[in-house]
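Chemist: My questions are about this predicted structure, shown below with the sequence.
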Amino acid sequence: MKNWIDRYLYAVGQKLPKAQREDITKELRSLILDALDEKTTSDRLAKGEAYEEKEEDVLSILESFGPPAEVAAKYKSSGRYLIGPELYDLYRLLLTIVLGAVALGICIATLVSILSTQGHFIELLYKLPMQMISAAISAVGSVTIVFAIIQYFAKEEDIKDMNPNSKWSPKDLEPVPVSYEVIKASEVYAAICFTILGIIIFNRFPHIIAIYYNQGAQTISVPIFSIDTLRLYMPYLNIFWIGNVLLNAYKLRIGKWTNALRFIQIGVDIGSLAIFLMMAGNPGILNPAVKESIMNTDFAPLQRLGDIGTTSFKIFIAIIVLTTVFEVCKHIYYSIKK
């Protein structure tokens, strides 16, 4: 028998505040089990024979309790609201879509400005948070006003028809995900930020990836990469990096790993690794002026750094390869395990 009760409690708990989740789900589990015990006892007495608990009994009890969203809303409801529990899930879904679209649009516009104009990189990044905040306030206000008007003027039966949970069935409950299937939002946000930062730096400011040292009163910087050679690989890197950003955005939407998602991630990782290996195999990718400049300085530690530069680069590539192989093997293992 499938663990319908655990699925139901998990679905309710996802819509409750973390501080109250454990206590409420314990209480709700007790109520469900009591109702189930009462039903099976009454059926046993009515038939005058031994009666075993069936899957249909569990589904019937869960259906009588109602959709998880409505049950959670009863624990949170204060009796008066701007947007009621019937519309709240739809409101949150549309608000998430609108905010995501606005944020993506502003990021793309900023990225295009950085790549196509001579505007100062730092100045454009300083403006980005304020643009995000201003657009988010407008988006939240507009969506909230629309739903508040619907809540106030629409008939109760029309609101119920708009509720995605109005035709809910216990059989619609998703299995409770195990720990390795849950996608951590914090890690996804970090991956998106670092990938976008990499796109900006490698496309617009590759010269800042350099070795810096002081020679007298002057600070010397020598780019690590040969800019002309690096540009040959950037279109391919951009394809996989942008693909990784879109993939991470999709991860935020579904919230858990699927086999299809894991194999797409494997494809992106292997593609990115292939480009890096092609770059590493090209002796022209490193700026020859790096070693020459370092060896001409009187600073002994930098001279030693110049001696081991090639070895350090190989170690760096080896770390990337091992990390990628580990991630690929991990996704394959969890896919088979699932």
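Modeler: Now that the structure is in, tell me what you want to look at.

Chemist: Give me the residue ranges of the stretch 101-250 of the chain where confidence is low.
Modeler: The stretch 101-250 of the chain contains residues with pLDDT under 70 at 112, 114-126, 154-168, 172, 212-216, 219-220.

Chemist: And the helices in it?
Modeler: Applying DSSP state H, counting those that start in this stretch to the stretch 101-250 of the chain gives helices spanning 121-153, 156-162, 185-204, 227-254.

Chemist: How about the contacts made by S60?
Modeler: If you count contacts by CB atoms under 8 Å, 6 or more residues apart in numbering, S60 has them with K39. Backbone N, C-alpha and C define where each C-beta goes, glycine included.

Chemist: Spatially nearest residue to A280, not counting backbone neighbours?
Modeler: The spatially closest residue to A280, leaving aside those adjacent along the chain, is I317, at 4.6 Å (CB to CB, 6 or more residues apart in numbering).

Chemist: can you pull the contacts of the one you found?
Modeler: If you count contacts by CB under 8 Å, 6+ apart, I317 has them with 276-277, 280.

Chemist: ok, back up a step: quick one, which of the helices of the stretch 101-250 of the chain gets closest to A289.
Modeler: Proximity of the helices of the stretch 101-250 of the chain to A289 was assessed by CB to CB; the nearest stretch is helix 227-254, lying at 11.2 Å.

Chemist: Got the domain ranges for this structure?
Modeler: Here the domain assignment for the chain is 1-76, 79-168, 179-337, based on automatic domain parsing.

Chemist: F65 versus K74, what's the distance?
Modeler: K74 sits 10 Å away from F65, going by CB to CB, to the nearest Å.

Chemist: out of these two, which sits in the busier spot?
Modeler: A side-by-side neighbour count of K74 and F65, using other CB atoms under 10 Å, places F65 first with 16 against 9.

Chemist: phi, psi of the closest residue in space to the more buried one that isn't next to it in sequence?
Modeler: Sequence neighbours aside, V71 is the residue nearest to F65 in space, at 6.0 Å (criterion: CB to CB, 6+ apart). For V71, the backbone dihedrals are phi -60, psi -50 (criterion: degrees, to the nearest 10).

Chemist: Could you pull up the contacting residues of V71?
Modeler: Each residue near V71 by CB under 8 Å, 6+ apart is listed here: 12, 28, 65.

Chemist: try it again with 10 Å
Modeler: For V71, the contacting residues are 8-9, 11-12, 15-16, 24, 28, 62, 65, 85, by CB atoms under 10 Å, 6 or more residues apart in numbering.

Chemist: Am I right that V178 is in contact with K338?
Modeler: Yes - counting by CB atoms under 10 Å, V178 does reach K338; the two are 8.5 Å apart.

Chemist: sec struct for T323, please.
Modeler: Reducing the assignment to helix, strand or coil with DSSP: H, G, I helix; E, B strand; the rest coil, the entry for T323 is helix.

Chemist: how far away is it from C193?
Modeler: Separation of T323 from C193 (CB to CB) stands at 19 Å.

Chemist: same deal with A210?
Modeler: 22 Å.

Chemist: which of these two has more neighbours?
Modeler: Shown here are A210 and C193; by other CB under 10 Å, A210 has more neighbours (15 against 12).

Chemist: for that one, which residues make a bridge with it?
Modeler: Each beta-bridge partner of A210 is listed here, defined by DSSP bridges: P223.

Chemist: on that earlier part again, common neighbours of V178 and K338, please.
Modeler: Among the neighbours of V178, those also in contact with K338 (CB under 10 Å, 6+ apart) are W257.
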